[in-house]
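Engineer: Sequence first, then the predicted structure:
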Amino acid sequence: IALAPLAAVSLAGLMTGCTGPQSTFAGAGTEAENVAFLFWVMVVGAVVIWVLVIGLSIYVTKAHPGAFSEAAGLRLIIWGGGVFPVVVLAALLTWGLSIMPDFRREADGPTIAVSAERFWWRIAYDVEGEPGVAKSLPSGGVESANELWLPVGRRSEILIGSPDVIHSLWVPAIAGKTDAIPGRVNRLVLEPTREGVYNGVCAEFCGDAHAQMGFRVVAVPEADYAAYVARQAESAAVTAGPGLDLFLSSGCGACHTVRGTPADGAVGPDLTHVAARRTIGAGLLETSEANIAAFIHSPDHVKPGVEMPAFGVLPDAEIAAIAGWLGDLR
Ligand code: CUA
């Protein structure tokens, strides 16, 4: 009894995790809503049964010892311990299975390829056909990174692959989770039901920066989605100057692409519209020139385990110029 207030406070603390952009309980997708509902039904059922069992135990051992005859006890075991669980579990199983066809409904929205790579997400819109297994992305798609836009109310088909190790794509508020496995393509349908920005995570340990391998899901009306993809397809509105010159002369283009410049590296994220994304470093830092500069200077400090080498050898003024130039790529 003395622990009750403590338990209540702890529970309240835990419940604060039930909302927000990364919660399975604040469902914003068909699949997540079904799973959350199933979860609550089971929790309520479990609490009711727990109270009954504990109450009965106290009744027969403390309050009224010997209240049950041996025959009554046997009946209780048969009905309460045998028949009741069989009926309840069978009903739950039937109901759970009846939700499954809903999960397997065909996609009716765009096909988007997502390649999970140590430790970020390559995303390609408007893809056609199967992704190539090696690069896990089909050619011809509009490439972006770490921000997955989806049309609300449509079932978008996500093709998931990886060129290195096993990762797993999970957007708790919408659906998940599906492994990204080298050498094969997995499918996941995401159907956001509410506009909003949600967190996605890597849900399979994949190396040092696994915990920092996040992304954002931006669910918008269909027209906005189309406008976004069209915008991503454009080349960057590049301003010539020292920022661009330093970006190229420092070798950034060996790993990164900025369409509209000679930079066409395919190792790291496409930076063509990097400043229009909400985060840099795969969901890690808010996009700002200061954060971009910090990342260029010592990415391993911001994100331990990151594959990008540090460019701290460059003078601060040069890093600032590159960050300033990247900060204009919208
Ligand atoms: Cu990628 Cu964990």
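Structural biologist: On my side now, so go ahead.

Engineer: and the closest residue to the ligand within the stretch 51-200 of the chain, how far is that from residue 178?
Structural biologist: Across the stretch 51-200 of the chain, the shortest distance to the ligand (C-beta to the nearest ligand atom) belongs to residue 167, at 3.4 Å. Using the backbone N, CA and C atoms, a C-beta is placed for each residue, glycine as well. Using C-beta to C-beta, to the nearest Å, one obtains 10 Å as the distance from residue 167 to residue 178.

Engineer: who's more crowded, these two?
Structural biologist: residue 167 (30 against 21; other C-beta atoms under 10 Å).

Engineer: Touching, that one and residue 202? I think so.
Structural biologist: Yes - using C-beta atoms under 8 Å, residue 167 is in contact with residue 202, at 4.9 Å.

Engineer: contacting residues for residue 116?
Structural biologist: Residue 116 makes contacts with 160, 161, 162, 167, 168, 169, 180, 202, 206, 213, as judged by C-beta atoms under 8 Å, 6 or more residues apart in numbering.

Engineer: Run a quick neighbour tally on the fifth one.
Structural biologist: A total of 21 residues lie near residue 168 under the criterion other C-beta under 10 Å.

Engineer: tell me the SS of it?
Structural biologist: Here residue 168 is strand, with the state taken from DSSP: H, G, I helix; E, B strand; the rest coil.

Engineer: Tell me the spacing between the most centrally placed residue in the chain and residue 49.
Structural biologist: Central residue of the chain (C-alpha atoms, centre = their mean): residue 200, 1.9 Å from the mean position. From residue 200 across to residue 49, the span is 35 Å (C-beta to C-beta).

Engineer: ditto for residue 88
Structural biologist: 8 Å.

Engineer: Residue 141 now?
Structural biologist: Distance, residue 141 to residue 49, by C-beta to C-beta: 51 Å.

Engineer: same thing with residue 299?
Structural biologist: 51 Å.

Engineer: Who has more neighbours out of these two?
Structural biologist: residue 299 (22 against 14).

Engineer: Show the contacting residues for the more buried one.
Structural biologist: Taking C-beta under 8 Å, 6+ apart, one finds 281, 306, 308, 309, 310 in contact with residue 299.

Engineer: just to revisit the earlier point, show me the contacts of residue 116 that map onto strands.
Structural biologist: 160, 161, 167, 168, 169, 180, 202 (DSSP state E).

Engineer: Would you write a ChimeraX line that selects the buried entries of those residues?
Structural biologist: Paste this into ChimeraX to select the buried members of these, with burial taken from 16 or more other C-beta atoms under 10 Å:
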select :160,161,167,168,169,180,202
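
Engineer: I'd like the ones in strands among the contacts of residue 116 as a markdown table, with pLDDT appended.
Structural biologist: Listed next are those as a markdown table, based on pLDDT from 0 to 100:
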| residue | pLDDT |
| --- | --- |
| 160 | 90 |
| 161 | 89 |
| 167 | 96 |
| 168 | 96 |
| 169 | 95 |
| 180 | 93 |
| 202 | 96 |
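
Engineer: ok, which pair from the ones in strands among the contacts of residue 116 is furthest apart?
Structural biologist: Spatially, the most separated pair among the ones in strands among the contacts of residue 116 is 161 and 202, at 13.8 Å (C-beta to C-beta).
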